[in-house]
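Participant: based on what follows, work out the 3D shape:
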Amino acid sequence: MRNIYLIFRRDFLGYVKAWGFWLSLAAVPLFLILGVGFGMFAATTSPVRYYAVVAPTPAISQAIEAEFQRRVSDAAKEAAELAKRMNIPLSEAEEQISEAAGGGRKYFEVPPPARTLEELRPWLAGERTVAGPAGERGLFAAFILSEDGSQLEYWSNDVNVDALQRTAEIAMRDMSRRDALTAAGLETDFLKQADNAAVKVPAFRLNNTHAGESGAEVTIADRAPAIVSGALAYFLWLMVFSIIQYLLMGTIEERSNKIFDTLLTSVKLPELLAGKLLAVFAVTSTMMLSWTAFAGIGSAVFAAQVPGMTDTISPFLAALTDPGLIIPALISFVLGYVLYGAIFMALGSLCDTIQEAQTLLSPMMILLMLPMFAIFIAFQDPGSPVIDIASWVPVFTPFLLILRIPHDPPMWEIIAQMVMMAAVTAVIVWLSTKVYRAGAVHGAGIGEIGGMIKSAMGIKPKAVKE
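Facilitator: Reported below is the predicted structural model:
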């Protein structure tokens, strides 16, 4: 154990003393803060834009304005509903509701300064301005109704910003519906009344533990275990994805500098591999735990400022501390990490240069993308037969077993898959040790991997005919 610890300490300190480690550690929270800040800045500083509507009657202008007002009303209702779910008194949330309702309005109608496109060109080009709520500005866009009334032409110099055009399309559709309802002798809100009268479809969870209780309506607490398991599976994938560069670069450097020969005079090869895997695991864990701590501190600050947020977070914390979920997840986590770590370390030991390592990156990426696709499918439909079958494939098992735990798979499947993972991991570690010895100690290359595997399995090479 002392030798393993010495190798672990040597590699771990070598990684964490490098400035690139601290740069990577700070990059994620820094970019997250910058991204959120930039998004908020972009949303709050988005310019107010003016538009004009050229049509014989004010019906089109009124329809577009009604669509904007509807969005303001919906935003206020959603903010009020969110405050209610989070147990925030409406009196305390009035300012936030007001900001959510009116803060996003960026388009305002102004009277058209001209009636034809050619006459409107100076205003659309920014050469002339019109008065509006935000002062003197040029026209961002103009709607011109065609002579036959079949098209509402949208003219603007900025073709990449289409929010106003889409708003007008929705407004024209709603206006057409209202006209059709009026022509049929129905009220204009007939469709809304029909939608409100539709049979509601609330979700309920069946209670299998308490006799006489049928169940209760599904809440976030019911979905929390599945969300937590999905986060743990993705966390494992991210850990595995992160170890590639450390294992490849570190192994190539030590192989090229003949450091292995010196190390193996003091420690055994299994001790060397164990120490290296533990070191890389500690490095990646340090990064992940630092990011998790950052997210936790941010969530705590947010929860302290927003009443009721603690009630929203508590089901996830309960799921994260549930032994029935966390124990199988931790076992899958450790076995999956060792399985992939041994594979990548063995492959890295066969490379002499960065160029050779880059040839391995493509198959490694494909190997890692397959579990990601499986995670996505399992998160959408954990009961799919495809997931049941894929969970028995060793490269998928660590991820899919974590995802299946909240859905109560048979206990024999959980135990059998854990035993299978342990057996496959043991075989992979054994084979990886053989490959690592051949590559790191004896200088074998990528092209000799097939022969090494056959030799490790006791298969003799065919005799060469003379």
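
Participant: could you use CA atoms for every contact and neighbour count after this?
Facilitator: Fine.

Participant: measure residue 187 to residue 399 for me?
Facilitator: 54 Å (C-alpha to C-alpha, to the nearest Å).

Participant: who has more neighbours out of these two?
Facilitator: residue 399 (28 against 14; other C-alpha atoms under 10 Å).

Participant: torsion angles phi and psi at that one?
Facilitator: phi -80, psi -50 (degrees, to the nearest 10).

Participant: neighbours around residue 232, how many?
Facilitator: Residue 232 has 20 nearby residues by other C-alpha under 10 Å.

Participant: which helices and strands sit right next to whichever strand or helix holds it?
Facilitator: Using DSSP states H and E, residue 232 sits in helix 220-256. Helix 220-256 is packed against helix 269-305, helix 309-320, helix 323-348, helix 354-380, helix 397-404, with contacts defined by 3 or more C-alpha pairs under 8 Å, 6 or more residues apart in numbering; DSSP states H and E.

Participant: turn those into JSON lines, including mean pLDDT and distance to residue 412.
Facilitator: Compiled in JSON lines, the helices and strands packed on helix 220-256 are given as follows (pLDDT from 0 to 100; distance: least, C-alpha to C-alpha, whole Å):
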{"stretch": "helix 269-305", "mean pLDDT": "77", "distance to residue 412": "30"}
{"stretch": "helix 309-320", "mean pLDDT": "75", "distance to residue 412": "22"}
{"stretch": "helix 323-348", "mean pLDDT": "83", "distance to residue 412": "13"}
{"stretch": "helix 354-380", "mean pLDDT": "75", "distance to residue 412": "20"}
{"stretch": "helix 397-404", "mean pLDDT": "85", "distance to residue 412": "12"}
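
Participant: comparing those, which comes out most buried?
Facilitator: Comparing those by mean neighbour count (mean count of other C-alpha atoms under 10 Å), helix 397-404 comes out on top with a mean of 28.

Participant: got a list of contacts for it?
Facilitator: If you take C-alpha atoms under 8 Å, 6 or more residues apart in numbering as the criterion, helix 397-404 is touched by 226, 229-230, 232-234, 236-237, 325, 328-329, 332-333, 335-336, 371, 374-375, 378-379, 382, 387, 390-391, 414, 417, 421.

Participant: got the angle between that helix and helix 220-256?
Facilitator: Between the axis of helix 397-404 and that of helix 220-256 there is an angle of 170 degrees, by axes from the mean of the first three to the mean of the last three C-alpha atoms, to 10 degrees.

Participant: so what's residue 175 up against?
Facilitator: residue 63.

Participant: which stretch of helix or strand covers it?
Facilitator: Under the criterion of DSSP H and E, residue 175 resides in helix 163-183.

Participant: can you name the element that comes right after that helix?
Facilitator: Next helix or strand after helix 163-183 toward the C-terminus (DSSP H and E): helix 190-196.

Participant: which residues touch that next one?
Facilitator: By C-alpha under 8 Å, 6+ apart, helix 190-196 touches residue 181.

Participant: and that helix, average pLDDT?
Facilitator: Average pLDDT, helix 190-196: 85.

Participant: do the same with stretch 413-432
Facilitator: Mean pLDDT, computed over stretch 413-432, is 89.

Participant: dump that stretch to PDB, restricted to CA.
Facilitator: The C-alpha coordinates for stretch 413-432 follow below in PDB (Å, rounded to 0.1, in the frame of the first residue of the first chain):
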ATOM      1  CA  GLU A 413     -30.600  -8.000 -12.300                       C
ATOM      2  CA  ILE A 414     -28.900  -5.400 -10.100                       C
ATOM      3  CA  ILE A 415     -26.800  -8.000  -8.300                       C
ATOM      4  CA  ALA A 416     -26.000  -9.900 -11.600                       C
ATOM      5  CA  GLN A 417     -25.000  -6.800 -13.400                       C
ATOM      6  CA  MET A 418     -22.700  -5.700 -10.500                       C
ATOM      7  CA  VAL A 419     -21.100  -9.100 -10.500                       C
ATOM      8  CA  MET A 420     -20.700  -9.000 -14.300                       C
ATOM      9  CA  MET A 421     -19.100  -5.500 -14.000                       C
ATOM     10  CA  ALA A 422     -16.700  -6.700 -11.400                       C
ATOM     11  CA  ALA A 423     -15.700  -9.700 -13.400                       C
ATOM     12  CA  VAL A 424     -15.300  -7.800 -16.700                       C
ATOM     13  CA  THR A 425     -13.400  -5.100 -14.900                       C
ATOM     14  CA  ALA A 426     -11.000  -7.600 -13.400                       C
ATOM     15  CA  VAL A 427     -10.400  -9.200 -16.800                       C
ATOM     16  CA  ILE A 428      -9.800  -5.800 -18.400                       C
ATOM     17  CA  VAL A 429      -7.400  -4.800 -15.700                       C
ATOM     18  CA  TRP A 430      -5.500  -8.100 -16.200                       C
ATOM     19  CA  LEU A 431      -5.300  -7.600 -19.900                       C
ATOM     20  CA  SER A 432      -4.400  -3.900 -19.500                       C
END
